[in-house]
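S.K.: I'd like to go over a predicted model; first the sequence, then the structure.
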2 protein chains.
Amino acid sequence: MTTGKKLIVAASALLDSGGEEAVTLRAVAHASGISHNAPYKHFKSRDALLAAVATADFVALTEAFKAVHQRRANASGKLMQALKVVVDFSVQHPARYRLLFNDPAIAAQKGELEQTAIAAFAEFLAIVMECQAAGTLPDAPNTTIAGLLFATMHGLIALEANGRMHPEKGLHGVENGLEVLIQLLAPVISS
Amino acid sequence: MTTGKKLIVAASALLDSGGEEAVTLRAVAHASGISHNAPYKHFKSRDALLAAVATADFVALTEAFKAVHQRRANASGKLMQALKVVVDFSVQHPARYRLLFNDPAIAAQKGELEQTAIAAFAEFLAIVMECQAAGTLPDAPNTTIAGLLFATMHGLIALEANGRMHPEKGLHGVENGLEVLIQLLAPVISS
DNA sequence: ACCTGAACACCGTTCAAGT
DNA sequence: ACCTGAACACCGTTCAAGT
């Protein structure tokens, strides 16, 4: 494994075990068996390394969406599965999820990261369009509906991760919220 | 003005002008005219100071919701106005908005911060219930609908702030997305 | 090309001491 | 009670030097 790849893996592991604050270049370098400033030969800065982690995760997400899309199942089922892929990722890798969708310093990076993010959304969009063709999602512009669904999922994840919005029960769990939304949206087209 | 209050104001100003990374205790102390370590006599840590900023903003948000709720207007209009209050805050004070709903280190703080957050949501919930009574929102559990609306708004804000989800047009602006959602939800009850 | 050790400027936080 | 100066352990980043 190349040193650059080793640094990405080490940074990912540190994100999983200790959150973003645990990802110091010194810790990443030490975990990769090199001196504390050697990472600068592979990445321009700490943010560039984190962007590389995010890029790798966007690529993996795109692959996962593609796999769901190619499954033999009804469109609505695939949509829920695609959303569940992201929800599961956010639960198992919260710090890395935040890097993808909640980090302004990382999001500011253009180039490869931006391209992989767009590719991931495009694959999600394809599943949404299949739902629209099947008549289980409203006939509004596809990017609008896809954006709304993704935003709602993201909002539910963020608010749950932040512990907000549980004064009582009612909204127990992200998946429940998404199911309610999709059920509420579905009948619209039959009216 | 008490020194503690002065520190909160200085921290808020630094958040607005330079983002969270600009809020060093040294800069806050200097702006407040005290030595770099004097803040520790007023706040247990940097996170405790940021939590105090968030608490003050939650209180202000609660007051704004209350003012909207008491207005003489139709329920749907008040709902959009309440959402707009938050959207505007996120645009004018992005770093402080992130502190309220996107910061795990701050969210972990219990106590007064948690109480004011719950109070703000309760006031938002009251507006949602008015919409349900007026028949412009579905009759699902009120906290579920309120949670969905707030989560969608939050997700749209976060994704727009992160520059994600604009491969083309379609979802131009947070308010447009919210209007589409509310319109899609409204007809459900008449079916 | 890739790595190393030393150094710089910055932090959050602690502590002994002053008034 | 409130403040101060000095200090500690940590960072990201840079640089001259080695192989």
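M.R.: Received the coordinates, thanks.

S.K.: Residues of chain A that sit close to DNA strand C?
M.R.: With Cβ under 7 Å from any atom of the strand as the criterion, chain A meets DNA strand C at residues A:3, A:34-38, A:41-42. Just so you know, the C-beta spots here come from the backbone N, C-alpha and C atoms, and that holds for glycine as well.

S.K.: which among those gets closest to B:Val174?
M.R.: A:His42 (37.7 Å; Cβ to Cβ).

S.K.: Tally up the residues packed near that closest one, please.
M.R.: 18 (other Cβ atoms under 10 Å in any protein chain shown).

S.K.: mind checking how far it is from chain B?
M.R.: Separation of A:His42 from chain B (Cβ to the nearest Cβ, to the nearest Å) stands at 24 Å.

S.K.: helices or strands up against the biggest helix by length in chain A?
M.R.: In chain A, assigned by DSSP state H, the helix with the most residues is helix A:46-70. Where contact means 3 or more Cβ pairs under 8 Å, 6 or more residues apart in numbering or on different chains; DSSP states H and E, helix A:46-70 is packed against helix A:3-18, helix A:25-31, helix A:75-92, helix A:94-101, helix A:104-107, helix A:112-134.

S.K.: what's the average pLDDT for the fourth one?
M.R.: Spelled out, that is helix A:94-101. For helix A:94-101, mean pLDDT is 95.

S.K.: Next: the fifth one.
M.R.: Averaging the model's pLDDT scores along helix A:104-107 yields 88.

S.K.: and that helix, anywhere near chain B?
M.R.: Yes: judged by Cβ under 8 Å from any Cβ of the partner chain, helix A:104-107 and chain B are in contact via A:104, A:107.

S.K.: re earlier: among the helices and strands packed on helix A:46-70, show the one with the smallest mean pLDDT.
M.R.: Note on the helices and strands packed on helix A:46-70: helix A:104-107 shows the lowest mean pLDDT, a mean of 88.

S.K.: Any buried residues in that one, and which?
M.R.: A:104, A:106-107 (16 or more other Cβ atoms under 10 Å in any protein chain shown).

S.K.: which of the residues of chain A next to DNA strand C are close to DNA strand D?
M.R.: A:36-37.

S.K.: Filter the residues of chain A next to DNA strand C down to the ones in strands?
M.R.: Residues of the residues of chain A next to DNA strand C located in strands (DSSP state E): none.

S.K.: And chain A, what are its domain boundaries?
M.R.: Split into domains by automatic domain parsing, chain A comes to A:1-43, A:54-185.

S.K.: Quick check: which of those domains is buried the most?
M.R.: Comparing the domains of chain A by mean neighbour count (mean count of other Cβ atoms under 10 Å in any protein chain shown), domain A:54-185 ranks first with a mean of 19.

S.K.: State the distance spanning the first to the last residue of that domain.
M.R.: Using Cα to Cα, to the nearest Å, the end-to-end distance of domain A:54-185 comes out at 32 Å.

S.K.: cool, and stretch A:40-50?
M.R.: Span of stretch A:40-50 from end to end, Cα to Cα: 13 Å.

S.K.: pLDDT averaged over it - what is it?
M.R.: Averaging pLDDT residue by residue across stretch A:40-50 gives 94.

S.K.: got the contact list for that stretch?
M.R.: A:3-4, A:7-8, A:11, A:20, A:23, A:25, A:28, A:39, A:52, A:99, A:103, A:105-106, A:109 (Cβ atoms under 8 Å, 6 or more residues apart in numbering or on different chains).

S.K.: if you set the cut-off to 10 Å instead, what comes out?
M.R.: A:2-8, A:10-12, A:15, A:20, A:23-25, A:28-29, A:32, A:34, A:39, A:51-52, A:96, A:99, A:103, A:105-106, A:108-109, A:113 (Cβ atoms under 10 Å, 6 or more residues apart in numbering or on different chains).

S.K.: Provide a list of residues in contact with the residue nearest to A:Glu175 when sequence neighbours are not counted.
M.R.: Sequence neighbours aside, A:Val87 is the residue nearest to A:Glu175 in space, at 6.3 Å (criterion: Cβ to Cβ, 6 or more residues apart in numbering or on different chains). By Cβ under 10 Å, 6+ apart, A:Val87 lies in contact with A:80, A:97, A:153-154, A:156-157, A:160, A:173-175, A:178.

S.K.: Now with 7 Å, please.
M.R.: A:153, A:157, A:174-175 (Cβ atoms under 7 Å, 6 or more residues apart in numbering or on different chains).

S.K.: Would you mind measuring from the closest residue to DNA strand C within chain A to B:Val59?
M.R.: Nearest residue of chain A to DNA strand C: A:Ser35, at 2.7 Å (Cβ to the nearest atom of the strand). As for A:Ser35, its distance to B:Val59 is 49 Å (criterion: Cβ to Cβ, to the nearest Å).

S.K.: try A:Gly177
M.R.: 27 Å.

S.K.: near DNA strand D, which residues of chain A?
M.R.: So far as Cβ under 7 Å from any atom of the strand goes, chain A lies against DNA strand D at A:23-27, A:36-37, A:40, A:45-47.

S.K.: Can you lay out the residues you listed as TSV showing distance to A:Phe121?
M.R.: Shown next, in TSV, are the residues of chain A next to DNA strand D (distance: Cβ to Cβ, whole Å):
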residue	distance to A:Phe121
A:Val23	26
A:Thr24	31
A:Leu25	30
A:Arg26	35
A:Ala27	32
A:His36	37
A:Asn37	36
A:Tyr40	32
A:Ser45	26
A:Arg46	26
A:Asp47	22
